[in-house]
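**Student:** quick one, fold the following:
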Amino acid sequence: MIYGDRIRLRPAEREDLPTFISWLADPEIRKGISRHLPMSIAQEEIWFENMLKRPENEQTLVLEIMQGKKWNLIGTCGYHNIDWRARSAELGIMIGEKKEWNKGYGTETMQLLLKHGFLVLNLNRMDLLVFEENLAAVRAYEKAGFVHEGRLREAQYSEGEYKDVIVMSVLRSEWKQ
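**Tutor:** The predicted structure is shown next:
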């Protein structure tokens, strides 16, 4: 487990799959990620089996918050495309429980991923891609210390329009400050 002030991150388990499927069935949630279709249980099981074949540091983590005396699943996150020579990784996050949006969990999760990535994995750079229209996510990433690095023009197609994707990153030297 990786613990933050209000959250914890743990490895994804097979019993989490029905929750993931329910999130991915919601078009509003899919709008913020690169998935444009819902997933079946069969597709999700194949995804899970393939995810387990990835290196341990690139396997999906689930984001949980304490509610009462129980940890409840509200999202997923993780490191992707780790380049051990360049000491870099891409980060990803999805808050699937919409009632938990705009409560700072995205920012806290990113701060925790940065801390773990820099202090435990010894990374030097972490980046992410965010759709330009996802203003809440952009603000959360900025609060966590990410800076705007660039823009991939018309790199996303959504709802009949091409839209820009923003590249954001944090370097270890910036994070230490």
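
**Student:** CA atoms for contacts and neighbours, from now on please.
**Tutor:** Will do.

**Student:** in the chain, which residue is closest to the centre?
**Tutor:** For the chain, Ile93 is the residue whose C-alpha lies nearest the centre (C-alpha atoms, centre = their mean; 1.3 Å).

**Student:** surely Gly75 touches Val62?
**Tutor:** Yes - contact criterion C-alpha atoms under 8 Å: Gly75 and Val62 qualify, at 5.8 Å.

**Student:** now do the strands in this protein.
**Tutor:** Ranges of strands in the chain, per DSSP state E, are 2-3, 7-11, 61-67, 70-83, 88-95, 125-131, 147-158, 161-171.

**Student:** just to revisit the earlier point, what sits against the residue nearest to the centre of the chain?
**Tutor:** Each residue near Ile93 by C-alpha atoms under 8 Å, 6 or more residues apart in numbering is listed here: 75-78, 106.

**Student:** kindly provide the distance from it to Gly160.
**Tutor:** Counting by C-alpha to C-alpha, to the nearest Å, the gap from Ile93 to Gly160 is 25 Å.

**Student:** likewise Ala140?
**Tutor:** Distance, Ala140 to Gly160, by C-alpha to C-alpha: 27 Å.

**Student:** sorry, back to before: beta-bridge partners for the residue nearest to the centre of the chain, please?
**Tutor:** Cys77 (DSSP bridges).

**Student:** what does the pLDDT read for it?
**Tutor:** We have a pLDDT of 95 for Ile93.
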